[in-house]
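**Student:** Got a predicted model here, sequence first, then my questions.
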Amino acid sequence: MKKVIKNGTIVTATDTYQADILIENGKICMIGSQIEVDGAEEIDATGNYVFPGGIDPHTHLEMPFGGTVSRDDFETGTIAAAFGGTTTVIDFCLTNKGEPIANAIQTWHDKSKDKAVIDYSFHLMIGEINENVLNELPTVIEEEGITSFKVFMAYKNVLQADDETLFRTLVTAKELGALVMVHAENGDVIDYLTKKALAEGHTDPVYHALTRPPEVEGEATGRAAQLTGLANSQLYVVHVSCAEAVEKITEARNKGIDVWGETCPQYLALDISDLEKPDFEGAKYVWSPPLREKHHQEALWSALKNGQLQTLGSDQCSFDFKGQKDLGKGNFTKIPNGGPTIEDRVSILFSEGVNKDRITLNQFVDIMSTRNAKLFGLFPLKGTIAVGSDADIVIFDPHVERVISAETHHMAVDYNAFEGMEITGEPITVMSRGEFVIKNKQFVGKLGSGKYLKRAKYGELKNVVTES
Ligand code: URP
Ligand code: ZN
Ligand code: ZN
């Protein structure tokens, strides 16, 4: 059935204007004034913004970590994402050394296939480079459409790769047309500092942050950027949390090195004092990199404003406070790292960013959607409101005031890291390829309706095919 969104204000990464949108067969097929089509369902967007669905480039759904598994899976995670105005997620597919990459990718397909309610894709973790891996990577790109590789520079003895692996990944990615993503923290130094802290009897959650100071993130970011320049490759630094890392990204970009940076809502809205909350509550705020002193927040906002950082990912990796985070009682190194952020990513960026004049409305759309589509091979299929693009659309009320709470959120976890935060603006209706997923704030989607997206190679701004 055809649908017309009427009387809304369309917002893209470049324009803000009043127009109606005609949707047919899951695509935007006309944008114009006063569109009238017999038999089409009319959706009134008077007083609301109409923007492209958010693209979350950084999620960990049902991911094994620290002896447990992240709580939100492709069902609860994508439902919560849709409530929050996100219509595409790109999740990290973990690999195991010595095992075929194809098995890891199959595991991720099995986790997501009948569950996702919005479209999704995968990044591939690279933990080692050897003949087998090099033989498989062309298939990963050409057949699976996975065109981004992730290297962890931290989590020693678990996920961490060495510099040779990072450098060979950068060289290979350049040859094959993939974007290399890094978790940039110096894992060896963190290992030394955590052992020292524990030996001195420091076990509380705040020591998670004190043993991962900004310098270890700045150093790793600078190293990854320099290696990218040497390989003449391309790099995307995930979850940038501090001024030191922004400085290194800026320095590299000024030298012409192809480096991009992502931050996350937790670094914009929370700070290290949250880790000091009593009764072990600080564990709710354990992320890597850790929350920082408050002054880093303004450094991140101004980097988003002036383009030194370009995207916002959620880094969704949720664990219940009771039964998961409390694995680290008496030893902060055992607290599973990560938190529930997928649902509030878009709204926090709008409320704290646009409403507080830190970024413009068009920058907001670019940061939470369009730039991600461009960097990760989904543009112009996704990430914009244009004729021919998928009708992944959010109707957003910019005036509604609300308070974030675990009592009303849709994630599966027993707390919300932003509990009590007052924000303005909320998605009212969300469509994925022209079908309602959220209608008037109610979930009306279908499990398994989300499609796996094969993505274009890095730098190719061409359309891509969606596949089930
Ligand atoms: O603390 C975090 N960020 N947990 C998720 C895994 C990762 O490092 O991104
Ligand atoms: Zn990470
Ligand atoms: Zn992550």
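**Tutor:** All right, it came through fine. Residues are numbered from 1 along each chain as shown. Ligands and ions are numbered 1, 2, ... in the order given.
**Student:** Report the secondary structure element holding residue 77.
**Tutor:** Assigned by DSSP states H and E, residue 77 belongs to helix 76-83.
**Student:** pLDDT on that helix, on average?
**Tutor:** Helix 76-83 comes out with an average pLDDT of 99.
**Student:** check whether it contacts ligand 1.
**Tutor:** No - shown here: helix 76-83 not in contact with ligand 1 (C-beta under 6 Å from any ligand atom), separated by at least 13.2 Å. For glycine as for every other residue, the C-beta is placed from the backbone atoms N, C-alpha and C.
**Student:** could you point out which element follows that helix?
**Tutor:** Following helix 76-83 in sequence order, the next helix or strand is strand 86-93 (DSSP H and E).
**Student:** Output the set of residues of the stretch 101-250 of the chain in proximity to ligand 1.
**Tutor:** 183, 239.
**Student:** Where do the helices of the stretch 301-450 of the chain begin and end?
**Tutor:** Secondary structure of the stretch 301-450 of the chain by DSSP state H, counting those that start in this stretch: the helices cover 345-348, 361-365, 371-375.
**Student:** got JSON lines for those, with mean pLDDT too?
**Tutor:** Output for these, formatted as JSON lines (pLDDT from 0 to 100):
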{"stretch": "helix 345-348", "mean pLDDT": "98"}
{"stretch": "helix 361-365", "mean pLDDT": "98"}
{"stretch": "helix 371-375", "mean pLDDT": "97"}
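**Student:** Pick the most buried one from those helices.
**Tutor:** Most buried of the helices of the stretch 301-450 of the chain, by mean neighbour count (mean count of other C-beta atoms under 10 Å): helix 345-348, with a mean of 26.
**Student:** how about the strands of the stretch 51-200 of the chain, start to end?
**Tutor:** Using DSSP state E, counting those that start in this stretch, the strands of the stretch 51-200 of the chain run over residues 54-59, 64-65, 68-69, 86-93, 119-125, 148-152, 179-183.
**Student:** and those strands as a markdown table, adding distance to residue 134, mean neighbour count and mean pLDDT?
**Tutor:** Below are those laid out as a markdown table (distance: least, C-beta to C-beta, whole Å; neighbours: other C-beta atoms under 10 Å; pLDDT from 0 to 100):
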| stretch | distance to residue 134 | mean neighbour count | mean pLDDT |
| --- | --- | --- | --- |
| strand 54-59 | 25 | 30 | 99 |
| strand 64-65 | 26 | 14 | 96 |
| strand 68-69 | 30 | 15 | 98 |
| strand 86-93 | 18 | 27 | 99 |
| strand 119-125 | 13 | 25 | 98 |
| strand 148-152 | 12 | 25 | 98 |
| strand 179-183 | 15 | 27 | 99 |
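**Student:** Can you say which of those strands is nearest to residue 334?
**Tutor:** strand 68-69 (10.0 Å; C-beta to C-beta).
**Student:** Quick one: distance of the closest one to the chain centre.
**Tutor:** Strand 68-69 has its C-alpha centroid displaced from the chain centroid by 20 Å (C-alpha atoms, centre = their mean, to the nearest Å).
**Student:** touching ligand 1 at all, it?
**Tutor:** No - judged by C-beta under 6 Å from any ligand atom, strand 68-69 and ligand 1 are separated, with a smallest distance of 12.1 Å.
**Student:** ok, how many other residues are close to the closest residue to residue 196 other than its chain neighbours?
**Tutor:** Among residues not flanking residue 196 along the chain, residue 211 sits closest, at 7.9 Å (C-beta to C-beta, 6 or more residues apart in numbering). Using other C-beta atoms under 10 Å, the number of residues around residue 211 comes to 22.
**Student:** Was I right to think residue 211 contacts residue 187?
**Tutor:** No - in this structure, residue 211 is not within contact of residue 187 by C-beta atoms under 8 Å, at 11.6 Å.
**Student:** Longest helix in this protein, by number of residues?
**Tutor:** helix 214-231 (DSSP state H).
**Student:** so what secondary structure elements neighbour that helix?
**Tutor:** In terms of contacts (3 or more C-beta pairs under 8 Å, 6 or more residues apart in numbering; DSSP states H and E), helix 214-231 is packed against helix 163-176, strand 179-183, helix 187-199, strand 234-237, helix 243-254, strand 258-263.
**Student:** Point out where this protein drops to low pLDDT.
**Tutor:** Applying pLDDT under 70 to the chain flags the ranges 461-468.
**Student:** Apply 50 and report the result again.
**Tutor:** Residue ranges of the chain with pLDDT under 50: 466-468.
**Student:** Report the separation between residue 45 and residue 23.
**Tutor:** 12 Å (C-beta to C-beta, to the nearest Å).
**Student:** With residue 35 instead?
**Tutor:** Taken as C-beta to C-beta, the span from residue 35 to residue 23 is 10 Å.
**Student:** tell me, what's touching these two both at once?
**Tutor:** The contact sets of residue 35 and residue 23 overlap at residue 4 (C-beta atoms under 8 Å, 6 or more residues apart in numbering).
**Student:** ok, those two, which is more surrounded?
**Tutor:** Just comparing residue 35 and residue 23: by other C-beta under 10 Å the higher neighbour count belongs to residue 23, 24 against 17.
**Student:** What helix or strand is the more buried one located in?
**Tutor:** strand 16-24.
**Student:** can you list the residues that contact the helix holding residue 77?
**Tutor:** 54, 56, 59, 61-62, 72, 87, 89, 115-118, 120, 316, 318, 340, 342-343, 409-412, 427, 430, 432, 437-438, 441, 443, 445, 450.
**Student:** Tell me how far that helix lies from the chain's centre.
**Tutor:** 13 Å.
**Student:** circling back: just so I know, which of the helices of the stretch 301-450 of the chain lies nearest ligand 1?
**Tutor:** Closest to ligand 1 of those is helix 345-348 (C-beta to the nearest ligand atom; 13.9 Å).
**Student:** C-alpha coordinates for the closest one, CSV please?
**Tutor:** Output in CSV follows, covering the C-alpha atoms of helix 345-348 (Å, rounded to 0.1, in the frame of the first residue of the first chain):
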residue,chain,number,x,y,z
ARG,A,345,21.6,7.6,21.1
VAL,A,346,19.5,9.7,18.7
SER,A,347,17.4,11.5,21.4
ILE,A,348,20.4,12.5,23.5
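**Student:** and it, how far out from the chain's middle?
**Tutor:** 11 Å.
**Student:** now the residue of the stretch 351-468 of the chain found nearest ligand 1, nearest residue through space, not along the chain?
**Tutor:** Here the stretch 351-468 of the chain gets closest to ligand 1 at one residue, residue 417, 11.4 Å apart by C-beta to the nearest ligand atom. In this structure, residue 417 finds its nearest non-sequential neighbour in residue 339, 4.6 Å apart by C-beta to C-beta, 6+ apart.
**Student:** now residue 65
**Tutor:** Closest to residue 65 by C-beta to C-beta, 6+ apart is residue 336, at 5.4 Å.
**Student:** The one you found contacts residue 325, correct?
**Tutor:** Yes - with contact defined as C-beta under 8 Å, residue 336 reaches residue 325; the gap is 6.5 Å.
**Student:** of those two, who's got more company?
**Tutor:** Comparing residue 336 with residue 325 by neighbour count (other C-beta under 10 Å), the higher total belongs to residue 325, at 30 against 23.
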